[in-house]
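> here's my sequence, what's the structure:
(2 chains)
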Amino acid sequence: MANSPRVRFAPSPTGYLHVGGARTALFNWLFARHERGTFILRVEDTDVERNKPELVDGILAGLKWLGLNWDEGPYFQSQRLPLYNQAAESLLASGAAYLCYCPPERYGGGDANEAEEIKEAEEVKEKPGGIRRVMRCSCRDGRPTSADQKPAIRFRILLGATTEFEDAVFGRREIANDEIEDFVLLRSAKPGQEAGLPTYQLGAVVDDIEMRITHVIRGADHLSNTPKQVLLYRALGAAPPVFAHVPLILGADRTRLSKRHGATSVSSYADEGFLPEAFRNFLALMGWSSGEDIEFLRTDELIGRFSLAGVSRTNAVFDRAKLEWFNVQYLQKLPIEELLPHVQHELERAGLWQAEWGTARHEWFARTVDLLRPRTRLLPNFSTWGRAFFSDVFDYDAQAREKFWKDERLPELLGKLADALDALPDWNHDACDHALRDLAAAAGVKAGLLINATRVAIVGQAVAPPLFDTMLALGKERVVGRLRRSLPALVSR
RNA sequence: GGCCCCGUGGUGCAACGGUUAGCACAUCACCCUUUCAAGGUGGAAAUACGGGUUCGAUUCCCGUCGGGGCUACCA
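Below you'll find the predicted structure:
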């Protein structure tokens, strides 16, 4: 186990779990499961101002719904502060870092745009033909201007050198140190604070070292940060892990996915009634491919095939239509017993669930779900248009009435059909079939007229499984009763 | 603006110097059919552009264009 890979997913509670984060988590999880390694969850909550602790539960719930179980954690960086302080101290001691007394406002006080303006206004370094940037703190190893001023700790970038690292997806990377700013490690302490809080760079690297992370699999938006972290690893006397940056997921307009693009949170897809495994399958294929033509891959198959070598370098556009296709496939192809718990959950949610369907009438329940599922796209379909299969309380769909209850002979015909069905000695598919067709023939109407009208009468919908299968699922009593009950409504139109 | 990354049909991927450029979603047509799906068959649809290198470029190099990322005491 000494060489067993250790990976982590490190969300920060500044928002909900979105599809991009979920995909990153999935890749880490697939990698860990494939390699029989360890998947660690770490919450990066060092930005007290933007943090929303209540979001943590939502993120964990999203991961659980997706089935991405973690082996260690969740760890919270906010509870590991001494670690980062110690690391900062040791970097200070070794000269790899220095105290910076520049007032934070000088850099814009946390706002990128404002910072940009200040950089343009206040010359610190001018690039050839470029704009002015604050690359180094002008007070390197400076002194406080007043007694109570607290310093930030910055990393000292060695100019003139080149930093390189190997990325499992993007290959060899090299960057001139002159392009890297003296980034902050520890923020300056606020009044009343003993020490400052770590920034992302410090927190991530210290924890990745301490947690013995072997592979850092994360979004490509971190590619540009990686040289800083490589430098940090070395300054802390640790060997950098393998980095694997995965391409980003974009909206249909090819810009970064945001609320503007509609549903982007994992929980919204859970709420809509997607199956977690379908979602996993879909997500796995965004930025990764097994190289084969088949796309319907159950989770154990994904685990068996996953490798970093299959990860793409191109950003991908989120395509909801394809997600739905996967969901339909899973609704259709899953062994029925695997689907049942999801349908049960949906019926419970809709207040339609009856305990006996899990016990004495389990077989009926399984058969009925099996009958309905070819026509479902999302779980709620079972309780919306499939409602009449699970409840005697349902409405006649307006469009269905409009379309199939036009003929004025219908009240009489359906009344007769009810009688004929009621008189049937045996209740089976063919008996119902014959009863209906005989009646149609005797009345001189097409069987389709009765079939369509009856469907509306017994399930309230124009869309339903084949009629005689539906009759069997409902049972004689319900079918005859519903037929007779529909007569007034039929007449009234 | 600077630095970096990416660029195969509308979308997700395959082809990692030699294929009639493959698969899937979406789309169109047809088949199946009592509704609606699912399913089946077939069609339309791509190597961003311009230069090289090579016997031969989707593939390698350069430029242009397009998109993305980073450029915070955010992560």
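
> which residues of the stretch 1-150 of chain A fall in helices?
All helices of the stretch 1-150 of chain A, identified by DSSP state H, counting those that start in this stretch, fall at A:19-35, A:54-65, A:81-94, A:112-121.

> highest mean neighbour count out of the ones you listed?
helix A:19-35 (a mean of 24; mean count of other Cβ atoms under 10 Å). From N, CA and C alone the C-beta is placed, and that goes for glycine too.

> that helix vs helix A:54-65, what angle?
50 degrees (axes from the mean of the first three to the mean of the last three Cα atoms, to 10 degrees).

> right, is helix A:19-35 up against RNA strand B?
No: against RNA strand B, helix A:19-35 shows no contacts by Cβ under 7 Å from any atom of the strand, the least distance being 9.4 Å.

> average pLDDT for that helix, rounded please.
Regarding helix A:19-35, the rounded mean pLDDT is 97.

> pipe the helices of the stretch 1-150 of chain A into JSON lines and attach distance to residue A:251 per row.
Formatted as JSON lines, the helices of the stretch 1-150 of chain A follow (distance: least, Cβ to Cβ, whole Å):
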{"stretch": "helix A:19-35", "distance to residue A:251": "10"}
{"stretch": "helix A:54-65", "distance to residue A:251": "19"}
{"stretch": "helix A:81-94", "distance to residue A:251": "35"}
{"stretch": "helix A:112-121", "distance to residue A:251": "21"}
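
> what's the closest of those to residue A:427?
Ranking the helices of the stretch 1-150 of chain A by proximity to residue A:427 (Cβ to Cβ) places helix A:54-65 first, at 40.9 Å.

> list the helices and strands that closest one packs on?
helix A:19-35, strand A:38-43, helix A:266-272 (3 or more Cβ pairs under 8 Å, 6 or more residues apart in numbering; DSSP states H and E).

> quick one: work out the angle between that helix and strand A:38-43.
Using the same axes, to 10 degrees: helix A:54-65 against strand A:38-43 is 160 degrees.

> what's the closest of the helices and strands packed on helix A:54-65 to residue A:359?
Taking the helices and strands packed on helix A:54-65 one by one with Cβ to Cβ, helix A:266-272 is closest: 27.3 Å.

> ok, and what's touching that closest one?
With contact meaning Cβ atoms under 8 Å, 6 or more residues apart in numbering, helix A:266-272 is reached by A:16-19, A:22, A:58, A:61-62, A:65-66, A:263, A:276, A:279, A:323, A:378, A:380.

> one more time with 10 Å
Applying Cβ atoms under 10 Å, 6 or more residues apart in numbering, the external contacts of helix A:266-272 come out as A:16-19, A:21-23, A:25, A:58-59, A:61-66, A:262-263, A:265, A:274-276, A:278-279, A:282-283, A:320, A:323-324, A:327, A:349, A:377-380.

> does residue A:64 really touch residue A:22, like I thought?
No: with contact defined as Cβ atoms under 10 Å, residue A:64 does not reach residue A:22; the gap is 11.7 Å.
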